[in-house]
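Q: For reference, the sequence and a predicted model appear below.
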Amino acid sequence: GRKPANPAFWWVNDEGEEVKWSFEELGSLSRKAANVLSEACGLQRGDRVIAVLPRVPEWWLLNVACMRAGIVFIPGTSQLTAKDISYRLQASKAKCFITNDTLAPAVESVLPGSQFLKSKLLVGKGSRAGWPNLKELL
């Protein structure tokens, strides 16, 4: 018999939930995510994206998608304050901010001072007005 291929990505959380992607699945999903960033978010090669997320599978997926699309991926810790977020937005001139519903209020509090930000993207099960959800767009 033939042995199944090793997964390209294998993630397990504290509750024992697993996400396993084969190389083919990771390739397909990362192409779709790159299209979301390019089309839904309007990003182009060289644009910057800030992703402030816990280490969920989407963090790695977006990282690979950015590489595919030539977009600069700027990771941030989920412990950033609104002041930290504001500084990073201005210093990086990021055009897109990706986070979850827990951290979105901190981003919203600094939006009036952000002249470069064009789009926002929500990762996870929650929903928020004005924040398209990555899972729905994929």
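A: Thanks, I have the structure now.
Q: quick one: contacts for Gly124?
A: For Gly124, the contact set (Cβ atoms under 8 Å, 6 or more residues apart in numbering) comprises Val56, Glu58, Asn100, Asp101, Asn133, Lys135. In short, each C-beta sits where N, CA and C put it, glycine included.
Q: which one of the residues you listed sits closest to Gly27?
A: Glu58 (15.8 Å; Cβ to Cβ).
Q: nearest residue to that closest one other than its sequence neighbours?
A: Val123 (4.6 Å; Cβ to Cβ, 6 or more residues apart in numbering).
Q: what do you get for Ser92?
A: In this structure, Ser92 finds its nearest non-sequential neighbour in Arg48, 5.1 Å apart by Cβ to Cβ, 6+ apart.
Q: wouldn't the one you found be in contact with Pro75 here?
A: No. The pair Arg48 and Pro75 fails to qualify as a contact (Cβ atoms under 8 Å) at a distance of 11.6 Å.
Q: can you pick the most crowded of the contacts of Gly124?
A: Using other Cβ atoms under 10 Å as the neighbour test, the contacts of Gly124 are led by Glu58, with 24 neighbours.
Q: what mean pLDDT would you report for the helix or strand where that one lies?
A: Following DSSP states H and E, one finds Glu58 within helix 57-69. Predicted confidence along helix 57-69 averages 97 (mean pLDDT).
Q: Tell me which other helices or strands it touches.
A: Judged by 3 or more Cβ pairs under 8 Å, 6 or more residues apart in numbering; DSSP states H and E, the packing partners of helix 57-69 are strand 9-12, helix 23-35, strand 48-52, strand 72-76.
Q: What residues sit buried inside the helix or strand just after the first one?
A: So that's strand 9-12. The C-terminal neighbour of strand 9-12 among helices and strands, as given by DSSP H and E, is strand 18-21. Buried residues in strand 18-21, counted by 16 or more other Cβ atoms under 10 Å: Val19, Trp21.
Q: Note down every partner strand of strand 18-21 and its orientation.
A: strand 9-12 (antiparallel) (DSSP bridges).
Q: residues making contact with the partner strand?
A: Applying Cβ under 8 Å, 6+ apart, the external contacts of strand 9-12 come out as Glu18, Val19, Lys20, Trp21, Leu26, Val56, Pro57, Trp60.
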